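> Need coordinates for the following:
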Amino acid sequence: MNRFVFALAQFGPQSLKRTSLAMLLDDEDLPGDGWKVLGQGSWRTGFAARPSDAARRARHARTFTAIRNFHQSGASRWCWIEVIPFVSQSDAEAVLADLPSIFVRNPGIKGTITQERRVSPHDAPEAAAYPFVYEYAVISKYGESFPRMIGGVVDRILFLVSTSEYGAGLAGWSWQEVVDVASLQSVKIERQLRSPA
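The predicted structure is shown next:
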């Protein structure tokens with residue numbers, strides 16, 4: 001999305017933008033100590049290149065996609081969370097089925113992707129409840145990293161949790177740790193959807 005399109009995608013009901021941002025986890029919600037928010041953003045859903053029918057319907061409904069990224073000090077760990085509201089659960093599920101072709105990679109991940117794959121329940125049984133489980137290998141000036149992603153749907157909201165780490169000798173994120181964050185994110189969305197507007 002170029003700057004002009006991003007600027008255009010800011011127009012819409014600010015209450016819907018605030019609602020999407022409120023669905024995201026905060027630094028104090030994440031497991032462990034030392035997390036801080038590095039940045040966040042939001043834009044109207046459906047403004048990306050090649051929008052699907054589901055994204056066009058979300059754009060017409062003027063929903064807002066929201067992202068927030070975090071860093072854990074002392075651990076060189078990052079977490080990126082995204083929520084994308086659609087007009088129906090079936091639309092959110094249809095878009096999730098088309099991942100990873102449409103997601104925007106975490107811009108904090110700098111380097112060359114050397115390998116990527118969709119992970120089967122056999123390889124990550126702790127993540128079997130989630131319909132989208134993905135990992136890739138990245139080589140950068142910081143060393144090798146193995147970002148992991150989990151995606152799911154709560155009602156009409158698609159969410160993605162992406163994790164990564166950099167540095168020699170650092171333990172990567174276990175699938176259980178990524179699942180724990182995804183579970184917290186699911187609960188936060190459910191709570192937000194139940195709260196009065």
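
> drop to CA atoms for contacts and neighbour counts, all remaining ones
Noted.

> F146 contacts S164, correct?
Yes. The pair F146 / S164 is scored as a contact, 6.2 Å apart, by C-alpha atoms under 8 Å.

> Mutual contacts of these two, please.
The overlap between the contact sets of F146 and S164 (C-alpha atoms under 8 Å, 6 or more residues apart in numbering) consists of G172.

> Please say which of those two ends up with more neighbours.
Counting neighbours by other C-alpha atoms under 10 Å for F146 and for S164 shows that S164 has the greater number, 25 against 18.

> ok so the more buried one is a strand residue?
Yes. Assignment of S164 by DSSP: H, G, I helix; E, B strand; the rest coil places it within a strand.

> Who are the contact partners of it?
When the contact criterion is C-alpha under 8 Å, 6+ apart, the partners of S164 are R77, W78, C79, I109, S145, F146, P147, R148, G172, W173.

> if you set the cut-off to 6 Å instead, what comes out?
Listed by C-alpha atoms under 6 Å, 6 or more residues apart in numbering, the contact partners of S164 are R77, W78, P147.

> ditto for F159
By C-alpha under 6 Å, 6+ apart, the contact set of F159 is E82, V83, G151, G152.

> D26: which of those is nearest?
Within the contacts of F159, distances to D26 taken as C-alpha to C-alpha reach their minimum at E82, with 12.1 Å.

> now the protein, which segments are flagged as low pLDDT?
Applying pLDDT under 70 to the chain flags the ranges 1-13, 48-50, 100-110, 167-171, 197.

> in the helix or strand where S186 lies, what counts as buried?
Using DSSP states H and E, S186 falls within helix 175-194. Going by neighbour count (16 or more other C-alpha atoms under 10 Å), the buried part of helix 175-194 is 175, 178-182, 184-186, 188-189, 192-193.

> do stretch 75-94 as well
Buried positions in stretch 75-94, judged by neighbour count with 16+ other C-alpha under 10 Å: 77-87, 89, 91-93.

> Max pairwise distance over those: which two?
R77 and V87 (33.6 Å).

> any chance you could map the strands in this protein?
For the chain, strands defined by DSSP state E occupy the ranges 35-44, 64-72, 77-85, 112-118, 132-140, 143-145, 148-154, 157-165.

> I'd like to know the beta-bridge partner residues of S42.
Beta bridges link S42 to A66, judged by DSSP bridges.

> burial of it, as a residue count?
Neighbour tally, S42, other C-alpha under 10 Å: 20.

> Kindly report the same for I157.
24.

> Identify the residues contacting it.
For I157, the contacting residues are I84, P85, by C-alpha under 6 Å, 6+ apart.

> Tell me the bridge partners for it.
With DSSP bridges as the rule, I157 is bridged to P85, V154.

> ditto for the one 5 residues further on
For S162, the beta-bridge partners are W80, M149 (DSSP bridges).

> Please report the distance of Y142 from Y136.
The gap separating Y142 from Y136 is 16 Å, by C-alpha to C-alpha, to the nearest Å.
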